[in-house]
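Undergrad: Sequence first, predicted coordinates after that:
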Amino acid sequence: MNPRKDLLDIQSLTDEEITFVLENAVPFKDLFRRSVKKVPTLKGRTMLTLFYEPSTRTRSSFEVAASRLSADVTHFDVESSSVVKGESVLDTVETLEAMRVDYIVVRHKQAGIPNLIAKNTAASVINAGDGWHAHPTQALLDGFTLREVFKDTRGARCLIVGDIQHSRVARSTSLLLRRLGMNMAYLAPGSLMPREVPQEVAQFGNWTDALEWKPDVVYLLRVQSERLEEPFFPSAAEYHKNYGLTDARVQILRERGIYLMHPGPVNRGVEITDKGMDYERSLINAQVENGIAVRMSVLYWLRPGA
Amino acid sequence: MKRLYRHAQIASEDSPKLQTADVLVEGDRIIGVASTIEKADGAEVIDCSGRVLMPAMFDIHVHAREPGQEEKENIATCAEAAINGGVTGFIMMPNTVPAIDNAGVVRGVLESAGRTRIGAGIYTTGAITKGRKGEELAGIAGMKAAGAVMLTDDGFPVDNPQVLRRAMEYARDYDLPLASHCEVKELSGKGAMHEGSVSYALGLHGIPSISEEICIARDIRLAEFTGVHLNIQHVTTARGMETIKRAKDRGIRVTCEVAPHHLIFSHEDIGNYDTHYKMNPPLRTKEDNAALLRGLIDGWFDVIATDHAPHTEFEKNQDFASAPFGITGLETALPSLHDRFISKGIFGWDLVVKRYSAEPRRMFKLPPVPIVEGGVAEFIVFNPERTTKFTRDFMKSKSVNTPFLDQELKGMVERVVYRGEELLAR
């Protein structure tokens, strides 16, 4: 396995790398049950989070992961920095270069920004979500979570529901789960379904047909109504009725023993109901916990300067 | 002072076959073309064996960036870039700052052009609407009187069909072609590249083919209605091209351009967000490449034009969505057409002479510059055996935003003769 500097997307990972990250996350997760949850692996290293879009969850997850590896953690506060005053991303990167941090965790609303930063810094760049493009650590934690549930993920069936077109999670998680041998399907209104879905991914326009496909896992996406500037669907209420996980649909999941996932944060009343949140086969909290273990494993795997 | 270009392979628009001949130049004229010309007294002899001697190119779609964006390019550097690529005449687009939308700016840019080494070969368009805003008509009659040769809001379509109709009626009466950048802005939205499998994978907003195709259909219908000469700029899709072909067959006065990059590259070349492949209209699919190439060979395109669009390295070194649209083309067009098509026998030199030299001049009622006795000496010598590496040093444009940066292409423009004067010799 060649040393790798950056984690930017799922496409470019080898099977060996995916396995390495997922398997090494297991001992890191075991660490959480101990009273001292910290190892000295990255002592003396610095991880910086550079979030151009607010995301308390993802940022905290990275920060907890880094501190459990004994790395120093710092946050580059974009809001109050000169970024808003027209400094270009690369100007910022030059500043960070001078600080000699080892890992830069980036979130940005534009696709490709982490790639651009990675090209211009010796630090390891971890993409924590860029526009519609990719969210590789989310994909890896989803894969890790499903490996825990199914042991052998090959042949398991996952239905992703919601805004497939604009979701980096749909892109990355779908790619990763297919690499793990799973069968994938999408359920979305036509206006949120990409025109060019890979042939091996089944497409559905309603729950009835999608459930007939017999999914083992239903993966709900957040309806990012705040990001949608065009009328992709008439209203949140109509979306909920036709594409959301209503109480009746929770009951179907329960009867068939289907697992439920969501990348968080949820929109209660839109893609999910209160009852859905309390569903016993929900993996949502497991996803959060596993996120830390997988991010530790990613930090452990990447080689700054490689 | 005479110059004798000996043993050259002469290209013409009439035949794919090259004719071996000697060409004698005196003053601004070709005074002899024959299989052998005895060395005239005092004539400098230039050995052209193995080289193609062909009429110089004329590019009807060039962004010289003057006035207002001289950090990207100015008319002087643009003229030098043109010469470097074997182009001795071009037409400037009006999307400058301020826009070329009145007689004063037209006179200003032509005056600036006049100071270059190909001064009389540089022409300008004028904007259709004031400030290219698509609202009020620009001073069309005044711009025509000052020397503008075509109207266009290039970079933008005229969204409002009523405004476009009025502009076409005006352009028709003032005998000016009207050029359309075809795009439905609402369909393009924030698009940064072709909408398709690659834009999906990269998570970028896409520009769907229908954005261009619908506007082409609308503008052609308006051209038919008004009787204007409509020139469709930079066609990129097979369907758009077919729409234009059908209009031509019905006798509508419509012409169209194809850019070398839309023949050579597809959206798949964008790879890892390489902004040297970002332009508008965008690179489409490989199927579109093949269809456009077929169309060019079958004579559906009137002209090849580069849409030379310089941008600074700083601007292009941003993320893909933020970087500006456009790539340079004047210096690379001919070598790239040679490298990808002529050297492989896909089409002949006659096609390039016709579509990148003769027809573009005819479109503006300018005489073509064939290699004939008594003709104006405006030609280039191209060596198909050498290669050209497009380094920063080699290129004369102020900007280097081309996918061919630091790449080698087969063939080299060795000499450029403009009205008898050798502007380039290497």
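TA: Looks like it arrived, so ask away. Numbers count the residues shown, from 1 in each chain, chains lettered A, B, ... in the order given.

Undergrad: Any figure for the gap between the closest residue to chain B within the stretch 151-300 of chain A and residue A:161?
TA: Closest contact between the stretch 151-300 of chain A and chain B, by Cβ to the nearest Cβ, is at residue A:196 (4.4 Å). C-beta: built from backbone N, CA, C; applies to glycine. Residue A:196 is 19 Å from residue A:161, where distance means Cβ to Cβ, to the nearest Å.

Undergrad: Tell me if I'm right that the residue of the stretch 151-300 of chain A closest to chain B and residue B:200 touch.
TA: Yes. Counting by Cβ atoms under 8 Å, residue A:196 does reach residue B:200; the two are 5.8 Å apart.

Undergrad: and the two? which has more neighbours close in?
TA: residue B:200 (20 against 12; other Cβ atoms under 10 Å in any protein chain shown).

Undergrad: Now do the more buried one against chain A, distance only.
TA: 5 Å (Cβ to the nearest Cβ, to the nearest Å).

Undergrad: Residue B:21 now?
TA: 51 Å.

Undergrad: Give me the pLDDT for that residue.
TA: Among the per-residue scores, residue B:21 holds a pLDDT of 97.

Undergrad: hang on, it in a helix?
TA: No. Per DSSP: H, G, I helix; E, B strand; the rest coil, residue B:21 lies outside any helix segment and is strand.

Undergrad: Correct me if wrong: it contacts residue B:33.
TA: Yes. Using Cβ under 8 Å, residue B:21 is in contact with residue B:33, at 5.4 Å.

Undergrad: Identify the contacts common to those two.
TA: B:10, B:371 (Cβ atoms under 8 Å, 6 or more residues apart in numbering or on different chains).

Undergrad: how does chain B divide into domains?
TA: What automatic domain parsing lists as the domains of chain B is B:2-53+B:373-425, B:57-363.

Undergrad: Would you mind giving those as CSV with distance to residue A:277 added?
TA: Output for these, formatted as CSV (distance: least, Cβ to Cβ, whole Å):
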stretch, distance to residue A:277
domain B:2-53+B:373-425, 50
domain B:57-363, 29
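
Undergrad: Could you single out the most deeply buried of those domains?
TA: Greatest average neighbour count among the domains of chain B goes to domain B:57-363 (a mean of 21), per mean count of other Cβ atoms under 10 Å in any protein chain shown.

Undergrad: so how far is whatever helix or strand residue B:170 lives in from its chain's centroid?
TA: Element membership of residue B:170 [criterion: DSSP states H and E] is helix B:161-173. Its chain's C-alpha centre and that of helix B:161-173 lie 25 Å apart, by Cα atoms, centre = their mean, to the nearest Å.

Undergrad: Now do the contacts for the residue of the stretch 151-300 of chain A closest to chain B.
TA: Remark: with contacts taken as Cβ under 8 Å, 6+ apart, residue A:196 is in contact with B:196, B:197, B:200.

Undergrad: ok, 10 Å please
TA: Residue A:196 makes contacts with B:195, B:196, B:197, B:198, B:199, B:200, B:201, as judged by Cβ atoms under 10 Å, 6 or more residues apart in numbering or on different chains.

Undergrad: I'd assumed the fifth one was in a helix, is it?
TA: Looking back up the chat, that one is residue B:199. Yes. Assessed with three-state DSSP, residue B:199 lies in a helix.

Undergrad: Ignoring the adjacent residues along the chain, who's closest to it?
TA: residue B:206 (3.8 Å; Cβ to Cβ, 6 or more residues apart in numbering or on different chains).

Undergrad: Confirm for me that that neighbour is in contact with residue B:196.
TA: Yes. Counting by Cβ atoms under 10 Å, residue B:196 is a contact partner of residue B:206 at 6.6 Å.

Undergrad: Quickly list what's touching both of these two.
TA: Common neighbours of residue B:206 and residue B:196 (criterion: Cβ under 10 Å, 6+ apart): A:194, A:195, B:267, B:282.

Undergrad: pLDDT score for the second one?
TA: Here the pLDDT value assigned to residue A:195 is 90.

Undergrad: got a list of what it touches?
TA: So residue A:195 contacts A:165, B:195, B:196, B:197, B:200, B:206, B:208 (Cβ under 10 Å, 6+ apart).

Undergrad: ok, now residue B:307?
TA: Applying Cβ under 10 Å, 6+ apart to residue B:307 gives the contacts B:59-63, B:93, B:154-155, B:181, B:233-234, B:257, B:259-262, B:279-281, B:325-329.

Undergrad: hmm, 7 Å instead?
TA: Residues in contact with residue B:307 (Cβ atoms under 7 Å, 6 or more residues apart in numbering or on different chains) are B:61, B:234, B:259, B:329.

Undergrad: near chain A, which residues of chain B show up?
TA: Residues of chain B lying close to chain A (Cβ under 7 Å from any Cβ of the partner chain) are B:196-197, B:200, B:202-204, B:272-273, B:317-322.

Undergrad: Now, those residues that are in helices?
TA: Judged by DSSP state H, helices contain the following of these: B:197, B:200, B:202.

Undergrad: In a markdown table, list those along with pLDDT.
TA: Shown next, in a markdown table, are these (pLDDT from 0 to 100):
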| residue | pLDDT |
| --- | --- |
| B:197 | 94 |
| B:200 | 95 |
| B:202 | 97 |
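
Undergrad: coming back round to it: now flag whichever of the shared contacts of residue B:206 and residue B:196 is closest to residue B:45.
TA: residue B:282 (48.4 Å; Cβ to Cβ).

Undergrad: Hmm, that closest one is touching residue B:195, no?
TA: No. Counting by Cβ atoms under 7 Å, residue B:282 does not reach residue B:195; the two are 8.7 Å apart.

Undergrad: tell me, what's touching those two both at once?
TA: Shared contacts of residue B:282 and residue B:195, defined by Cβ under 7 Å, 6+ apart, comprise residue B:207.

Undergrad: that older thread, helices or strands up against the helix holding residue B:170?
TA: In terms of contacts (3 or more Cβ pairs under 7 Å, 6 or more residues apart in numbering or on different chains; DSSP states H and E), helix B:161-173 is packed against strand B:178-180, helix B:209-226.

Undergrad: residue ranges of the helices in chain B, please?
TA: In chain B, the helices defined using DSSP H lie at B:75-84, B:103-114, B:140-146, B:161-173, B:185-188, B:197-202, B:209-226, B:238-249, B:260-264, B:286-297, B:313-316, B:333-337, B:349-353, B:359-363.
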